[in-house]
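Enquirer: structure, please.
(2 chains)
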Amino acid sequence: MKEEITRILTANNPHAPQNIVRYNFKERAYKATSVVDQMAVHFVWEGSLLHEDSDEARRLRATSVEDGGDVDEAGGEERPDSVASKTTKKVTNQFNFSERASQTLNNPSRERNSQTEPPPRSRFSATANQWDIYDAYLEELQKQEKNKEKQKATQVKKDNSKCKTKTMLLETPSDDITKVSKTSKVFERMVNQNTFDDIAQDFKYFEDASDEFRDQEGTLLLLWKFQFDKAKRLAVTALCWNNKYQDMFAVGMGSYDFSKQGRGMLVFYSLKNSTFPEYIYPTTSGVLCLDIHEQHSFLVAVGFYDGCVAVYNLKEEGEEPVYKSTAKTGKHTDPVWQVRWQTDDMDNNHNFYSVSSDGRVVSWTLVKNELIFTDIIRLSMNSAASEGPGAAQLPSIACGTSFDFHKQIDYLFLVGTEEGKIHKCSKTYSSQFLETYDAHSMAVDAVKWNPFHPKVFISCSSDWTVKIWDHTINTPMFTFDLNGAVGDVAWSPYSSTVFAAVTTVGSVHVFDLNINKYEAICQQPVVAKKKTKLTHIMFNPIYPIIIVGDDRGYVTSLKLSPNLRKKPKLKKGQEMPKGPEAEIAKMEKLLSFLREPEQSQDTV
Amino acid sequence: MAGTGEGKKEEADYKRLHSFPLIRHTDMPEEMRVETMELCVTACEKFATNNESAAKMIKESMDKKFGSSWHVVIGEGFGFEVTHEVKNLLYMFFGGSLAVCVWKCS
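Expert: Residues are numbered from 1 along each chain as shown, chains lettered A, B, ... in the order given. Predicted coordinates:
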């Protein structure tokens, strides 16, 4: 199986005989032929195609024509055509098919040429050599120098204009400040809060622990001091807390010195910023009194030394009052000593009262943009009732210096005069007094109804005394001598029996009648210099602090120690009932004590 | 001595003063002109001694930036008359002694 059988293909025919012997007749012998025909023919096919021009084809054609017979011998040219047609016909018939040919129309071709416009060109020629270059540079340098000179000239001009703009900026710095006024205000308060942190802590939390060891007396703790540089020479002539924003108060600045009258000022401070006022209104005449409206705390009524009254609106910008009385509209002819807002009238117009040395008590009504005045009463020295009918003397005028309106009885009010009398008046009687108290021997500086008890009022005078009255009784219930002219007195807002007074010798006296009926439970000088006179005092309506104004323009805030605002305790563990009724009862109890012995004294 | 010293000083002054590029003629738009000028300055400063290299650099950069075909001639003295595409020619002096002509013509 593994045997390899090699086969070699050769051109020789293997089947061809190698030894073919033929008889040669010429030589009469058999001879082997060396040439063997190697070719083997396997398949032969005779073609049926003939060349057209060959003889055989011609012969064939001739025979076929003879076969047709009827074809006339017209021309040699037509002969092949007719033959062809005959043969095709035969084909179609034979296979039964149709042939159809068509040719589409050839689109005519066209030539089209276009040429873009070449980018625009231009020619430029120049010759560069050293002297040309040098000249060009020189020329350029000269030009530059000229330009520099020009620029210098213009720069000088610009500098001038800059200077101008700078001065302009300097002239209007206020505009810039107003833009940041709010932030700067906040910042100012923050700084103040930091610097006066201890005072703020005292204001909120400090209670004098030593009060426990003192039996009755209390102390006043100095808090902030308010002072404004522009009002340094002026005296504090009026104080008023803002009823809505209890950290804010108004200070009227002027002078009580008859010979030193001049400008005045109205400033508003907040406890949050003791260093600078919130609002400042300079006035031409000294301010003597002011009052902030209870509901509309932006309205401030002010009375001036020159007899004018004015109303400032804190919401309005500018330093001018929104209303001001003039000689034409019934201004006072003498200093206005007190103003007081009243409840709105029937037409809902704001209105306030004023009292002046010219003896008039005037009601002012704010109508649109003017002040309308109504004389409520004319104070005369001698009331008609006391004077005999035949007296031919001139009715001399009594000078009002203070007044106060009754808390509950709308028409009732008191007027203190320079002569030391206090008149109980009614808004409805313009010429008569309901009552006249022979109160003091000198001018009545302040008269105030008790905030709780409807019958009680207090008065103070330059004759060194403070007196407490029952308005139904002609004589004072209490009289206190304070060893100095009393500038102002104020009831406390938290107790019916507590009041405070300031004297011109510079001390504050705080009384609590419930604790001591004869002496002050606190008497404390609060001024730095001995000559300084205290002029006004005011209790804060909420916080246990008072503000005191002096004649050097300082306003001092003081905190009342616990003893000064102590709630009375009847027995151990049993507190007095709270509320206004309790306060009234407390006062009433005191008064009833007094009435008995007084009446007995009278009888004696 | 003094005269030659002054002469040297003047020469130095002149070199210093005339070092800035000074455009003699151009019709390029502003942006292109500034760019081309800066390119010429950089090339001439880079190849201060070989004007051919400077020209080559300018040409190649210009071809890249603004398309072919740019031609640049740099030399101290030559005359020329060229056909250029409008808004594509800058002829400037630089460094006190060199003239540079850059133009495009494709």
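
Enquirer: make it CA atoms for all contacts and neighbour counts henceforth
Expert: Fine.

Enquirer: give the next helix or strand downstream of the helix or strand hosting B:V34.
Expert: B:V34 belongs to helix B:30-46 when elements are defined using DSSP states H and E. Next along the chain after helix B:30-46, taking DSSP H and E as the criterion, comes helix B:51-66.

Enquirer: touching chain A at all, that following helix?
Expert: No. Using C-alpha under 8 Å from any C-alpha of the partner chain, we find that helix B:51-66 stays clear of chain A, coming within 14.7 Å at best.

Enquirer: and the closest residue to B:C101 other than its chain neighbours, how far is that from B:I23?
Expert: When the adjacent residues along the chain are set aside, B:C101 lies closest to B:Y91, with 4.4 Å between them (C-alpha to C-alpha, 6 or more residues apart in numbering or on different chains). Per C-alpha to C-alpha, to the nearest Å, B:Y91 is found 6 Å from B:I23.

Enquirer: neighbour-wise, which of these two wins?
Expert: The residue with more neighbours, out of B:Y91 and B:I23, is B:Y91; 23 against 17, by other C-alpha atoms under 10 Å in any protein chain shown.

Enquirer: list the contacts for that one?
Expert: Applying C-alpha atoms under 8 Å, 6 or more residues apart in numbering or on different chains, we find B:Y91 in contact with B:I23, B:R24, B:H25, B:T26, B:A99, B:V100, B:C101, B:V102.

Enquirer: give me the buried entries from those.
Expert: Neighbour-count burial (16 or more other C-alpha atoms under 10 Å in any protein chain shown) applied to the contacts of B:Y91 gives B:I23, B:T26, B:A99, B:V100, B:C101, B:V102.

Enquirer: redo the residues you listed as a markdown table? Include pLDDT.
Expert: A markdown table is the format used below for the buried ones among the contacts of B:Y91 (pLDDT from 0 to 100):
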| residue | pLDDT |
| --- | --- |
| B:I23 | 91 |
| B:T26 | 92 |
| B:A99 | 93 |
| B:V100 | 93 |
| B:C101 | 94 |
| B:V102 | 94 |
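
Enquirer: which pair in those spans the largest distance?
Expert: Using C-alpha to C-alpha, the two most remote members of the buried ones among the contacts of B:Y91 are B:T26 and B:A99, lying 13.3 Å apart.

Enquirer: around chain A, pick out the residues from chain B.
Expert: B:18, B:22, B:75-86, B:93, B:96-99.

Enquirer: in strands only, show me these.
Expert: The strands, defined by DSSP state E, take in B:22, B:75, B:78-85, B:93, B:98-99 from these.

Enquirer: buried subset of those, written for ChimeraX?
Expert: In ChimeraX, a selection of the buried entries from these looks like this (16+ other C-alpha under 10 Å):
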select /B:22,75,82,84,85,93,98,99
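
Enquirer: okay, among the ones in strands among the residues of chain B next to chain A, which ones form the most distant pair?
Expert: Spanning the widest gap among these are B:E85 and B:L98, at 23.5 Å by C-alpha to C-alpha.

Enquirer: picking that back up, what is the nearest of the buried ones among the contacts of B:Y91 to chain A?
Expert: Proximity of these to chain A was ranked by C-alpha to the nearest C-alpha; the top entry is B:A99 with 6.2 Å.
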